[in-house]
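Student: Kindly return the folded structure for what I paste below:
(chains A and B)
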Amino acid sequence: MSGLQIVFLIVAVVTLFSGVMVVASRKMMHSALWLILTLLGVAILFATLQAGFFAIVQVLVYIGAISILIIFTLMLTRRVMDDEHPQVIKGWWLPAVMAVILFGLIAGFLATWEDFQVMLNELPADAENLAAFGSALVNPAGYVIPFEVASVLLLAALVGAIYIAVERKEKVG
Amino acid sequence: MSFWRDPIIFIIEWAKGLLAGIGWGPGWATIVGFVIGAFVLAAGAMFFVVFLIWYERKLIGRLQDRFGPNRLGPWGLFQPIADMLKIFTKELITPSGVDWIAYNLAPVLSVAAVLMMWAVTPFSKTFFGVNISVGILFLIAVGGLGEVGIILAGWGSNNKYALVGALRAVAQLCSYEVPFVISALVPVMLTGSMSLVDIVEAQNPWYILVAPAAALVFFIASVAETGRAPFDLAEAESEIVAGYNVEYSGLKFGMFFVGEFLHAFTASFIFVTVFLGGWRGPGADQIPVLGLVYFMIKTFIVYFALILFRGTNPRFRIDQMMDLNWKVLTPLSLVVIMVIALVDRLFASSADWLRTVILLAANLAILVVAERLIRRGVKTTRPEVGSRERPVASPDNLFIQPGSGAKG
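Tutor: Residues are numbered from 1 along each chain as shown, chains lettered A, B, ... in the order given. Next comes the predicted model:
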């Protein structure tokens, strides 16, 4: 077993465990912290796949921005978090069975895929992944339309946020 | 390779040879090298803080017309060591009702996030931790981990003041990340790479001469990211006791303290790396150790400016802090990046010096226009209080201080 595989196994176990703890822990704040650990695990998985850019973006966007915003909202709701209600709903077994079936189906389909058995190909050290990725985003033959559409969508969200947050000056009289 | 040209790399190569001599493969030798290197760098940074604290207290003292520490050792140099020993021996109080994990993880994270920035910064031509292709993004991402540390401290300590401080800190850090990232894009655009090593190599001339407007925004945003005066709303003593670290004592408080000083120093050497040419200087290409010297000199100049900033500006109100970010810095950085992209593309085929001059002119024009626009928004001119002439204690000899026991 190579060092990379050992790293992968450790990271996978930690990621899955903290993923479970996100829904299993009592305090919502702890859930958010476990979520950060899960996302960090995913970032490390990206790094082991030689996708350093995605690893960093994962940390930057998901931990640096999204988790912090989640925690930010949680901080204002401390009393709600320590409730003593049961954590599972009545018919919990039905979604559980469905989740297992879905997992089986996905795994089965993946097993029939011919590249499923292929081992990880190591990229050459001087591969220009990042530059290729960057030019693909602005290339008409690449992903320029989804990229621009996503940008416009984000801009719309930004304008919407400002519209909601802006202080309207009521006219007197 | 001779020792005097590049002592650090020389020692590393020597150690590798030593490990190979006792039969360790190059793979293991590299791993051991990284572990030892990380340990030495982190420990060195922590000890360096002792000096930084003295430097800053001394300077702030001068700015406030007093002497600063001057009792222990020459020029009070040993004062921080005594303070450090005192903080080591203090009791670690854990208040009731804290969230144990969050409370204890927070100080560690706030130091670790800063130390991680040291891993990618090139200190000289040959001396850097790793050269990752997304270095500058790494710096910003790791800064986000520091924010997590502050949040954990504020939420975990079960204290209203701490919570208010953490909320303020997060609002401030998240907001100032926007102009920080946008202005950091300018050197990336000029270099064509996000690696800090490449950015330093490409700075001919320094980027502060090519894009002073971007450098100004970057500097102000990085001061805000360090969270010290005038951006110290998160630990405004006169409003919310001490902010997010109010419930910490002993070594845990010391960690926050160290984290803050290290962050200020780190912010100044990141500014040096990105805009002031890093280790570049006459002869630094041939003799790498000279690069380290230049790097430190430049860093201390920027750090000095940072302390001047801290010592001379009163604290912002929260609305002023937000106004500065969203109404001044963010639009300014957006304009700068668009203008630089346009000019850089239009004059891509002309000579380098011509393009540099045009970029500089464009930047200065943006700064002048921005200054005019900001001035227009100022409604009242504040009356001057007191007289301009102030009594200032001027020591006859900068190195000998009255009362320090040294003979002049």
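Student: Domain map for the chain?
Tutor: Just going to use chain A. A:1-82, A:129-173 (automatic domain parsing).
Student: wrong one, chain B
Tutor: B:1-89, B:94-375.
Student: Spit out the contact partners of the residue minimising distance to the centre of chain B.
Tutor: Chain B has B:Ala267 as the residue nearest its centroid, 1.6 Å off, counting by C-alpha atoms, centre = their mean. The contact partners of B:Ala267, by C-beta atoms under 8 Å, 6 or more residues apart in numbering or on different chains, come to B:Ser222, B:Val223, B:Glu225, B:Thr226, B:Leu306. Glycine gets a C-beta too; all of them are placed from N, C-alpha and C.
Student: ok, those vs chain A, which is closest?
Tutor: Ranked by distance to chain A (C-beta to the nearest C-beta), the contacts of B:Ala267 are led by B:Glu225 at 12.0 Å.
Student: That closest one: how many residues sit nearby?
Tutor: By other C-beta atoms under 10 Å in any protein chain shown, the residues close to B:Glu225 number 23.
Student: B:Val178 is in contact with that one, correct?
Tutor: No: the criterion here is C-beta atoms under 8 Å, and B:Glu225 misses it with B:Val178 at 11.3 Å.
Student: So for the one helix or strand B:Lys252 maps to, what gets flagged as buried?
Tutor: Assigned by DSSP states H and E, B:Lys252 belongs to helix B:250-275. Residues of helix B:250-275 classed as buried: B:251-275 (neighbour count, 16 or more other C-beta atoms under 10 Å in any protein chain shown).
Student: Can you give the distance of that helix from its chain's centre?
Tutor: 6 Å (C-alpha atoms, centre = their mean, to the nearest Å).
Student: right, and the helix or strand after that helix?
Tutor: helix B:288-312.
Student: how much does that next one deviate in direction from helix B:250-275?
Tutor: Per axes from the mean of the first three to the mean of the last three C-alpha atoms, to 10 degrees, the angle that helix B:288-312 makes with helix B:250-275 is 110 degrees.
Student: Show me what from chain A comes close to chain B.
Tutor: Contact residues, chain A versus chain B (C-beta under 8 Å from any C-beta of the partner chain): A:27, A:29-30, A:33, A:36, A:52-53, A:56-57, A:59-60, A:63-65, A:67-69, A:71-72, A:74-75, A:78, A:130.
Student: Which among those residues count as buried?
Tutor: A:29-30, A:33, A:36, A:52-53, A:56-57, A:59-60, A:63-65, A:67-68, A:71-72, A:74-75, A:130.
Student: so how far is B:Ser183 from the residue of chain B at minimum distance from chain A?
Tutor: When scored by C-beta to the nearest C-beta, chain B has B:Gly144 as its residue closest to chain A, at 2.4 Å. Remark: distance between B:Gly144 and B:Ser183 (C-beta to C-beta, to the nearest Å) = 17 Å.
Student: Mind checking which of those two has more residues around it?
Tutor: Taking neighbours as other C-beta under 10 Å, B:Gly144 and B:Ser183 compare with B:Ser183 leading, 29 against 21.
Student: For chain A, which residue gets nearest to chain B?
Tutor: For chain A, C-beta to the nearest C-beta, closest residue to chain B: A:Gly64, 2.4 Å.
Student: sec struct for that residue, please.
Tutor: A:Gly64 carries the three-state label helix when classified by DSSP: H, G, I helix; E, B strand; the rest coil.
Student: Pretty sure it sits against B:Gly143.
Tutor: Yes: in this structure, A:Gly64 is within contact of B:Gly143 by C-beta under 8 Å, at 7.3 Å.
Student: Overlap of the contact sets of these two?
Tutor: Common neighbours of A:Gly64 and B:Gly143 (C-beta under 8 Å, 6+ apart) are B:Glu177.
Student: Just give me how far stretch B:36-53 sits from the chain centre.
Tutor: Using C-alpha atoms, centre = their mean, the offset of stretch B:36-53 from its chain centre is 15 Å.
Student: Can you give me the buried ones in that stretch?
Tutor: Under 16+ other C-beta under 10 Å, the buried positions of stretch B:36-53 are B:Gly37, B:Ala42, B:Ala45, B:Val49, B:Val50, B:Leu52, B:Ile53.
Student: low-confidence ranges in chain A?
Tutor: A:1, A:77-85, A:120, A:124-128, A:170-173 (pLDDT under 70).
Student: Would you map the strands across it?
Tutor: Using DSSP state E, no strands are found in chain A.
Student: Just the helices from it, written as ranges.
Tutor: Taking DSSP state H as the criterion, chain A contains helices spanning A:3-24, A:28-48, A:52-57, A:68-75, A:78-81, A:93-112, A:129-137, A:144-165.
Student: What pLDDT is listed against the nearest residue to B:Ile93 once chain neighbours are set aside?
Tutor: Spatial nearest neighbour of B:Ile93, excluding adjacent residues (C-beta to C-beta, 6 or more residues apart in numbering or on different chains): B:Ser249 at 4.6 Å. In the predicted model, B:Ser249 carries a pLDDT score of 80.
Student: Give me the phi and psi angles of B:Ser249.
Tutor: phi -140, psi 170 (degrees, to the nearest 10).
Student: what's the span of stretch B:56-76 from first residue to last?
Tutor: By C-alpha to C-alpha, to the nearest Å, the extent of stretch B:56-76 from end to end equals 12 Å.
Student: tell me the mean pLDDT over it?
Tutor: In this model, stretch B:56-76 has a mean pLDDT of 82.
Student: re earlier: got the contact list for the nearest residue to the residue of chain A closest to chain B once chain neighbours are set aside?
Tutor: The shortest distance from A:Gly64 to any residue other than its chain neighbours is 2.4 Å, reached at B:Gly144 (C-beta to C-beta, 6+ apart). Taking C-beta under 8 Å, 6+ apart, we find B:Gly144 in contact with A:Val59, A:Leu60, A:Ile63, A:Gly64, A:Ala65, A:Ile68, B:Glu177.
Student: which one of these is nearest B:Glu13?
Tutor: Comparing the contacts of B:Gly144 against B:Glu13 with C-beta to C-beta places A:Val59 closest, at 32.7 Å.
Student: Wait, the closest one touches A:Leu40, no?
Tutor: Yes: taking contacts as C-beta under 8 Å, A:Val59 lies within contact range of A:Leu40: 7.1 Å.
Student: What helix or strand is B:Pro69 located in?
Tutor: Per DSSP H and E: B:Pro69 is located in neither a helix nor a strand.
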